[in-house]
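> Kindly return the folded structure for what I paste below:
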Amino acid sequence: MNASDTEPRGERRAGAGSALEVWAVFLKLGLSSFGGPIAHVSYFHRELIHRRRWLDETRYAQLVALCQSLPGPASSQLGFALGMIRGRWLGALAAFVAFTTPSAVLLFAFARVLPRLEQPYGQAVLHALKLVAVAVVAQGVLVMARRLTPDAPRALIAAAACAVIALSASPGAQLFVIFMGAALGLVFCRPAASASAPFETGYRARTGTCLLGVFAILLLAAIAAQSNNGNASLVSIAAAFYRAGALVFGGGHVVLPLLQQAVVAPGWVSTHDFLAGYGAAQAVPGPMFSLAAFLGARLPDGHGGIVGALVALAAIFLPGLLLISGALPLWRDFAARPRSLRALAGVNAAVVGLLAAALYSPVWTSAVRDPADFATVLVGFILLVATRSSVVIVLGWCILASAVRVWFA
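Alright, predicted model coming up:
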């Protein structure tokens, strides 16, 4: 092992990637990242932190905490930020488009494949995808816990964060946990004297402040454009989806009530279609917010189809991307201050607790139904941790196990 092998490669390579490299990596993730936003954190960790070393563990946890603290689709914001750090603006756009396109295309085409997925083997495949997510998230929690909770104070902060999330049904509990971790970290944590280098985005805090201002102006315009007459113009469609993307804390599943109010209440989409799209969004890889592609395609009055899907997708993702773009340089400045090190250590520990709570609910509770499911997940977890198998192999195992159960049912 030479000296270059021992230095943190994330430090040497941050900001050195091309947009094409970022596109290729995130297209792979967009095609294979099943299980929702919490699972995506683990997929990103495995591919970009553990394997490619784009960032170190601490800065990755800081990014996760930042995205969890903001309204919007946390995993898409996380991917956008990773693309920004790796390849600046072109990298950020490449990450977002590559990660979102597969799920958007699949959901756009969902109406044609729905009858096939209602068959027993189709349901077995969908269930297998949920079991894969359990194994992947469990591995991510294990790896992050080892590195981010190395002492008793941080382990206790993680346990407290896990308990708060488990006992609270409020989406705002995630935001509370992040701030709780920071407060407890200031008092109890004693991290190492050296901190990770700040995020390098290629623009300054002034630009970030302007981006946050654009977000606020567009939100006010979207609220002012709220339609009560049921007419589905492109402006009212964009305003409805922008409001949904801007006002939700807690990730993809929490946006559903807002989307239902936005498109079902005015009669743009039927309840049956809305629920069908929701079920499909849980089964495909990529962000839950890609449900907007399905809903946009189902809009009436000539505004559906490809145009409706593109408008809905752009409007629902835009507020979250403006927020993360604006917050990144401000977070960088905060993280670079010596007094913030203790707070960040507490935040990192709280993120571990948050992921551990999410591993149980909704990831475990929605997937593991009986001892056979538990055995399937256990084998998948062992493949990931003990043999370092790829997620594709684990996916194949889970699909095979689910199909065999249908065969002998």
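> Closest to the centroid, which residue in the chain?
Ser75 (1.9 Å; Cα atoms, centre = their mean).
> and Cys189, backbone torsions?
The phi and psi torsions at Cys189 (degrees, to the nearest 10) take the values phi -80, psi 140.
> what pLDDT, on average, does the helix or strand harbouring the residue nearest to the centre of the chain get?
In this structure, Ser75 sits in helix 74-108 according to DSSP states H and E. For helix 74-108, the per-residue pLDDT values average out at 94.
> Show me what it is packed up against.
Using 3 or more Cβ pairs under 8 Å, 6 or more residues apart in numbering; DSSP states H and E as the contact test, the elements touching helix 74-108 are helix 19-32, helix 37-44, helix 57-69, helix 271-283, helix 291-297, helix 305-335. (C-beta placed from N, C-alpha, C; glycine too.)
> can you put those helices in a markdown table and add mean pLDDT, mean neighbour count and distance to Val394?
Written out in a markdown table, the entries for these read as follows (pLDDT from 0 to 100; neighbours: other Cβ atoms under 10 Å; distance: least, Cβ to Cβ, whole Å):
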| stretch | mean pLDDT | mean neighbour count | distance to Val394 |
| --- | --- | --- | --- |
| helix 19-32 | 92 | 20 | 11 |
| helix 37-44 | 84 | 27 | 12 |
| helix 57-69 | 82 | 24 | 22 |
| helix 271-283 | 75 | 17 | 17 |
| helix 291-297 | 90 | 29 | 26 |
| helix 305-335 | 88 | 22 | 29 |
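> and the helix holding Ser75, which residues are buried?
Burial within helix 74-108, assessed by neighbour count using 16 or more other Cβ atoms under 10 Å, is assigned to 74-88, 91-96, 98-108.
> ok, back up a step: right, and the helices and strands packed on helix 74-108 - which one's nearest Ala133?
Within the helices and strands packed on helix 74-108, the stretch nearest Ala133 is helix 37-44; the backing value is 4.3 Å (Cβ to Cβ).
> quick one: stretch 345-359 to chain centroid distance?
Centroid separation between stretch 345-359 and its chain, computed with Cα atoms, centre = their mean, to the nearest Å, is 15 Å.
> again with stretch 255-272
23 Å.
> which of the residues in it are buried?
Val255, Leu256, Leu258, Leu259, Gln260, Ala262, Val263, Val264, Pro266, Trp268, Val269.
> how far away is the closest residue to the residue nearest to the centre of the chain other than its chain neighbours from Gly326?
Spatial nearest neighbour of Ser75, chain neighbours left out: His40 (3.5 Å); criterion: Cβ to Cβ, 6 or more residues apart in numbering. Here the distance between His40 and Gly326 works out to 22 Å (Cβ to Cβ, to the nearest Å).
> what does Leu355 give?
Applying Cβ to Cβ, the value for Leu355 to Gly326 is 25 Å.
> what about the residue nearest to Ala409 when sequence neighbours are not counted, neighbour count?
Take Ala409 and drop its neighbours on the chain: the residue closest to it by Cβ to Cβ, 6+ apart is Pro120, 7.7 Å away. The local packing count at Pro120 equals 11, with neighbours defined by other Cβ atoms under 10 Å.
> Pro120 reaches Phe408, doesn't it?
No: with contact defined as Cβ atoms under 8 Å, Pro120 does not count as touching Phe408 (11.8 Å).
> returning to that earlier point: ok, so of the buried residues of stretch 255-272, who is nearest Thr58?
Using Cβ to Cβ as the measure, the one of these that approaches Thr58 most closely is Val255, at 29.4 Å.
> what's the pLDDT at the nearest residue to Ala262 once chain neighbours are set aside?
Closest residue in space to Ala262, ignoring its immediate chain neighbours: Ala240 at 3.9 Å, by Cβ to Cβ, 6+ apart. The predicted structure scores Ala240 at 90 on the pLDDT scale.
> do the one 3 residues further on as well
The predicted local confidence for Arg243 comes out at a pLDDT of 89.
> Quickly find the element holding it.
Taking DSSP H and E as the criterion, the element that holds Arg243 is helix 234-246.
> same thing with Val394?
According to DSSP H and E, Val394 maps onto helix 391-408.
> Buried residues, that helix. List them.
Of the residues in helix 391-408, those buried under the neighbour-count criterion (16+ other Cβ under 10 Å) are Val391, Val394, Leu395, Trp397, Cys398, Ile399, Ala401, Ser402, Arg405.
> packing partners for it?
Packed against helix 391-408, as judged by 3+ Cβ pairs under 8 Å, 6+ apart, are the following elements: helix 19-32, helix 120-148, helix 371-385.
> measure Cys210 to Gly320 for me?
Separation of Cys210 from Gly320 (Cβ to Cβ) stands at 17 Å.
> try Phe274
Phe274 sits 21 Å away from Gly320 when distances are taken as Cβ to Cβ.
> now Ala145
Separation of Ala145 from Gly320 (Cβ to Cβ) stands at 27 Å.
> Poorly predicted segments of the stretch 301-409 of the chain, please.
Counting by pLDDT under 70, the stretch 301-409 of the chain shows low-confidence ranges at 301-302, 332-339.
> What are the contacting residues of the helix holding Arg243?
By Cβ atoms under 8 Å, 6 or more residues apart in numbering, the surrounding residues in contact with helix 234-246 are 71-73, 215, 218-219, 221-223, 225-227, 255, 258-259, 262-263, 268, 289, 292, 296, 299, 303, 307-308, 311-312, 314-320.
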